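Peer 1: When you get a sec, could you give me coordinates for this:
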Amino acid sequence: MATERNGGPYIQRSRQDWAELAGNLPITVDQPTVEKLRSTGDPINLPEVAEVYLPLTGLLNKYVHHTGELFEATNEFLGLSVRRTPFVIGVAGSVAVGKSTTSRLLTALLSRWPEHPKVELVTTDGFLFPNDELKRRGLMERKGFPESYDRRALLSFVMDVKSGAPVVRAPVYDHLGYDIVPGAFNEVRQPDILIVEGLNVLQPARQRADGTTGLALSDFFDFTVYVDAADEDIRSWYITRFLHLRETAFRDPRSYFTRYGSLTVPEAIERASEIWDTINGPNLELNIRPTRGRATAILRKSGDHQIDWVRIRKV
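Peer 2: Here you go, the predicted model:
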C-alpha cells in the first residue's frame, strides 16, 4: 500500500509493496552480470534486482515514453522537425552508499528495453579538477566537495548532450591513480538515455555575486534518484570497503594509496574513520544529504545494504 507522509511531496512504498509493481516485467540480467556490476561491499543479488530495480526501470520507462510524447506534441505545435534529445537521469548519494551499483544496474536494465537500447553512463569523477589544480587551490583534503569539481565543464557537458550534440567528450578519471588521465576522454554520441552519477549532481544553482542565479546541473535532468541510508551505516560500509581495498588495490604499486596497503587492521580502521569523520562525513552532512529532497525517487537502505523502502515524488 502506498503511503503519503505528512501531506508531503512523496508517496512511500515498503519494499514488499514496491516489489509487487514489477508485475510481469522480465528480468533481463542474470546473477553473474549482477556480480560484475555491483560495487565492493555491496551484496546486491538477483532477488533485489527483481524487487527494487525492475519496478524502478518500469517507472522510468513510462517517464521516457511520456516525455517522448510531450516532445512530439511540442514539435507538432511549433511546426518543428528536430531530433529528440536524450533523456537524462541523475543518480546521487554519499560515498560508499551504493550509487555506483544503482547507476550500473539502471544502465544495464534500461538498455534492454526495446524502446531505448542506447544507454550511456558518465560519472562526475571525470570532472574533478586534476590533483595539481586541487593542490594549487588548497582543496586536496576536500576532494569530492562541490568546489573540487570543474562545475562549468560538467554543466557544459550535460547541456551539450541534452541539446543533441553529435559527440560530447567527458574526461576520464583513474581511481587507482586518484587523478584525471591527461588527454583521455569518453565520447558520448547521442544516446537515448544518459545516466549521470555523482555525489553532488542534485546541487541547486549557486547565487552569483550580483544576486542573480545561474543554471544548475539538475536543471537538465528528466528524472533523479537519491540512494540513502543512515549515517552510521554508510560510515561502517566505508570502513569495510577501506579494509578490502587495503588488501587489494592499495597494494598495487600504481595506486596513489600504496601507503595504506601496509597498515595493520586496527591502523586501517583508525585511518578510514579519520577520513570519514573529516572529509566524507562532513561532505554528506553539508552538501549531499541536503539535496535528497530534490530527487524524483529516494531508495532507502537498511544496515544490511538492502532497500527498505522507496519514495516517489508526486507528479
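
Peer 1: distance of D222 from F71?
Peer 2: 11 Å (CB to CB, to the nearest Å). In this view, the C-beta of every residue, glycine as well, is placed from N, C-alpha and C.

Peer 1: Same question for F77.
Peer 2: When F77 is compared with F71 (using CB to CB), they lie 11 Å apart.

Peer 1: what about those two, which has more around it?
Peer 2: Neighbour totals were compared for F77 and F71, and F71 leads with 16 against 8 (other CB atoms under 10 Å).

Peer 1: And that one, how far from V196?
Peer 2: Distance of F71 to V196, computed by CB to CB: 20 Å.

Peer 1: Show the average pLDDT along stretch 251-264.
Peer 2: On average, the pLDDT along stretch 251-264 is 95.

Peer 1: all strands of the stretch 1-150 of the chain, in order?
Peer 2: Counting by DSSP state E, counting those that start in this stretch, the segments of the stretch 1-150 of the chain that form strands are 3-4, 10-14, 87-93, 119-123.

Peer 1: Could you export stretch 258-265 as PDB, CA atoms only?
Peer 2: This file holds the C-alpha atoms of stretch 258-265, laid out as PDB (Å, rounded to 0.1, in the frame of the first residue of the first chain):
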ATOM      1  CA  THR A 258      50.000   2.300  -1.600                       C
ATOM      2  CA  ARG A 259      51.000   3.700   1.800                       C
ATOM      3  CA  TYR A 260      47.800   2.300   3.200                       C
ATOM      4  CA  GLY A 261      48.400  -1.200   1.900                       C
ATOM      5  CA  SER A 262      50.900  -2.000   4.800                       C
ATOM      6  CA  LEU A 263      48.600  -0.800   7.600                       C
ATOM      7  CA  THR A 264      47.500  -3.300  10.200                       C
ATOM      8  CA  VAL A 265      43.800  -3.800  10.600                       C
END
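
Peer 1: Would you mark the buried spots in it?
Peer 2: Within stretch 258-265, the residues that qualify as buried are 260-261, 263, counting by 16 or more other CB atoms under 10 Å.

Peer 1: can you redo those residues as JSON lines with secondary structure and distance to P146?
Peer 2: Formatted as JSON lines, those follow (DSSP: H, G, I helix; E, B strand; the rest coil; distance: CB to CB, whole Å):
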{"residue": "Y260", "secondary structure": "helix", "distance to P146": "26"}
{"residue": "G261", "secondary structure": "coil", "distance to P146": "30"}
{"residue": "L263", "secondary structure": "coil", "distance to P146": "30"}
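
Peer 1: okay, now E267: neighbour count?
Peer 2: Other residues lying near E267 total 12 when counted by other CB under 10 Å.

Peer 1: where are the low-confidence patches of the stretch 101-250 of the chain?
Peer 2: Applying pLDDT under 70 to the stretch 101-250 of the chain flags residues 116.

Peer 1: and if we set it to 80?
Peer 2: For the stretch 101-250 of the chain, applying pLDDT under 80 flags the ranges 115-116, 207-209, 211.

Peer 1: for it, what spans make up the helices?
Peer 2: Counting by DSSP state H, counting those that start in this stretch, the stretch 101-250 of the chain has helices at residues 131-136, 151-162, 231-247.

Peer 1: So which of these is nearest V188?
Peer 2: Of all these, helix 151-162 sits nearest to V188, with 5.7 Å by CB to CB.

Peer 1: Give me the distance from the closest one to the chain's centre.
Peer 2: Chain-centre distance of helix 151-162: 16 Å, with CA atoms, centre = their mean, to the nearest Å.

Peer 1: which other residues reach that helix?
Peer 2: 85-86, 88, 122, 124, 127, 168-171, 188, 191, 194, 196, 215-217, 220 (CB atoms under 8 Å, 6 or more residues apart in numbering).

Peer 1: and the angle for the one helix or strand E270 maps to with helix 231-247?
Peer 2: For E270, the enclosing helix or strand under DSSP states H and E is helix 265-275. Helix 265-275 and helix 231-247 are oriented at 130 degrees to each other (axes from the mean of the first three to the mean of the last three CA atoms, to 10 degrees).
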